[in-house]
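Asker: Build me a model:
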Amino acid sequence: MTRPTNETELMQRRAQRHESHTRSTYAAFIRHLCEVGKLEPALAECAAVAVLSALERRILPAEARDLEAQLPRRLVEFLPPLEQRPPRPRRFGREEFLQTVADDLEKPVEEMEPLVRAVFRAMRDLISEGEAEDVASNLPPDLQALWRLTQ
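Answerer: Alright, predicted model coming up:
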């Protein structure tokens, strides 16, 4: 590989490396989710977005930003920008959480708990223990139990 000859070329190479890293990090996350949840890649991608979206509606916006900082950038890009989200979390528990994910995926709610647990586990495998505890502290007891079942 030849060295960049000017600033524009250097910036283009950096952007290409960043994009390549972003793709590979996201792909590794989806592969891991497929393994832990025994899911097909297409379902894993949709489930990851649906679960993260529901989770972020339930936690404080500042906590959502902290969580996003530790997740693959490409996954976060599927979510609406933080500025377009409500300033306060919606209050709901486990049943409504599972129903929200089921509605997003157009699947029966009875199939959601193992799917949500798999996504939670894949996310928890990426984030720090401190961040996992911060997320848990934003959840009601019934959702905390679901979040912690992934440990």
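Asker: Select the helix or strand of this protein having the lowest average pLDDT value.
Answerer: helix 7-37 (a mean of 75; mean pLDDT, DSSP states H and E).
Asker: Following the chain onward from that one, which element is next?
Answerer: helix 41-58 (DSSP states H and E).
Asker: With only the CA atoms kept, save whatever helix or strand comes next after that following helix in PDB.
Answerer: Where DSSP H and E defines the elements, the next helix or strand beyond helix 41-58 is helix 61-69. Written as PDB, here are the backbone C-alpha positions of helix 61-69 (Å, rounded to 0.1, in the frame of the first residue of the first chain):
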ATOM      1  CA  PRO A  61     -31.700   9.900  27.700                       C
ATOM      2  CA  ALA A  62     -28.300  10.400  29.400                       C
ATOM      3  CA  GLU A  63     -28.100   6.700  30.100                       C
ATOM      4  CA  ALA A  64     -29.200   5.900  26.600                       C
ATOM      5  CA  ARG A  65     -26.200   8.000  25.300                       C
ATOM      6  CA  ASP A  66     -23.800   6.200  27.700                       C
ATOM      7  CA  LEU A  67     -25.100   2.800  26.500                       C
ATOM      8  CA  GLU A  68     -24.900   3.800  22.900                       C
ATOM      9  CA  ALA A  69     -21.200   4.800  23.400                       C
END
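Asker: Residue ranges in this structure under the pLDDT threshold?
Answerer: Across the chain, the ranges flagged by pLDDT under 70 are 1-5, 10-11, 13-24, 150-151.
Asker: Residue nearest the middle of it, spatially speaking?
Answerer: Nearest residue to the geometric centre of the chain (CA atoms, centre = their mean): L52, 4.3 Å.
Asker: I'd guessed that residue sits against L71; true?
Answerer: Yes: taking CB atoms under 8 Å as the definition, L52 is a contact partner of L71 at 7.4 Å. Glycine gets a C-beta too; all of them are placed from N, C-alpha and C.
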